[in-house]
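# Model the following, please.
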Amino acid sequence: DQLVPAGPRPGVDTGRPARSAAALDSAARATSAPAPASSGVAKAQAARAQAARSPRPATSPYGGTEGQPPASSYQTPALRRTYSPPIPAGARVCSAQVSDSPGGTHKRIDWCMTAAVTTTEAGHDLTVEVCRDQTTDSALSFDTTREADLVITRAGHEVWRWSVGHIAKPRTHALQTPAGACWSWTAPWTDVNGAGRPTPSGSYELVGTSLAGELADLPDVSTTFTIA
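Model (predicted):
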């Protein structure tokens, strides 16, 4: 007997047009390919997968993450140095005497140094001032570009220091200071810590330092203030 291939029998109309080989191949590929996910779902799934592969960074004391500089985007402001001319004679008396040991050699220092804090719209202006008394003209001499430093502490712990981020470069120079005149260094502090983050309310202390050689024997000066 002769076998007849399966399919429409000759002379029988199926009602459907015959499909070409190219059409059949295209349909087969479409059937085997997975349906594409929406772009939003795909992105979310990729993000979750990446997060699962990446370790979670530990939280730093500054509220950021460890492994990152705590003050990566913050730098203390530049100091503003101001000269104040002599006041009327006899109005400023601020000399002091220091000794290297009890009963030792005494040294007279005809300078006075004070620290001050002034409230501003942005926070507080921090100032250390050095004045010559009414004895004689003199000068403040420095070995580097750093002439002063300002530090904020709270309960004995350092909160903020101006000199962080400001490199002291060698440069010998002097500031001529007539009798009764003053030099002051001011930093516009915005009530932030060393990482540039807001400090909580409470009591704080400003400690001012002058790096002038003439004041090496004088102690730092300080003053307390409150952040509401």
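# Name all residues that make contact with residue 183.
By C-beta atoms under 8 Å, 6 or more residues apart in numbering, the residues touching residue 183 are 81-84, 129-131, 140, 175, 177. (C-beta placed from N, C-alpha, C; glycine too.)
# Phi, psi for the residue nearest to residue 146 when sequence neighbours are not counted please.
Using C-beta to C-beta, 6 or more residues apart in numbering and skipping residues adjacent in sequence, the residue nearest residue 146 is residue 168, 3.8 Å away. When read as degrees, to the nearest 10, the backbone of residue 168 gives phi -80, psi 120.
# again with residue 215
According to degrees, to the nearest 10, residue 215 has phi -110, psi 10.
# Now do stretch 209-228: distance from first to last residue.
This stretch, stretch 209-228, spans 26 Å end to end (C-alpha to C-alpha, to the nearest Å).
# same question for that stretch, mean pLDDT?
The average pLDDT for stretch 209-228 rounds to 95.
# Please list the outside residues in contact with that stretch.
With contacts defined as C-beta under 8 Å, 6+ apart, stretch 209-228 is touched by 96, 98, 107, 109, 111, 113-117, 124, 128, 130, 138-144, 146-151, 175, 191, 199-208.
# Out of those, list just those in strands.
Cross-referencing those against strands under DSSP state E gives 96, 98, 107, 109, 111, 113-117, 124, 128, 130, 138-144, 148-151, 175, 202-208.
# Buried subset of the residues you listed, written for ChimeraX?
Buried subset of the ones in strands among the contacts of stretch 209-228, written as a ChimeraX selection, criterion 16 or more other C-beta atoms under 10 Å:
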select :109,111,113,114,115,116,117,124,128,130,138,140,142,148,149,150,151,175,204,205,206,207,208
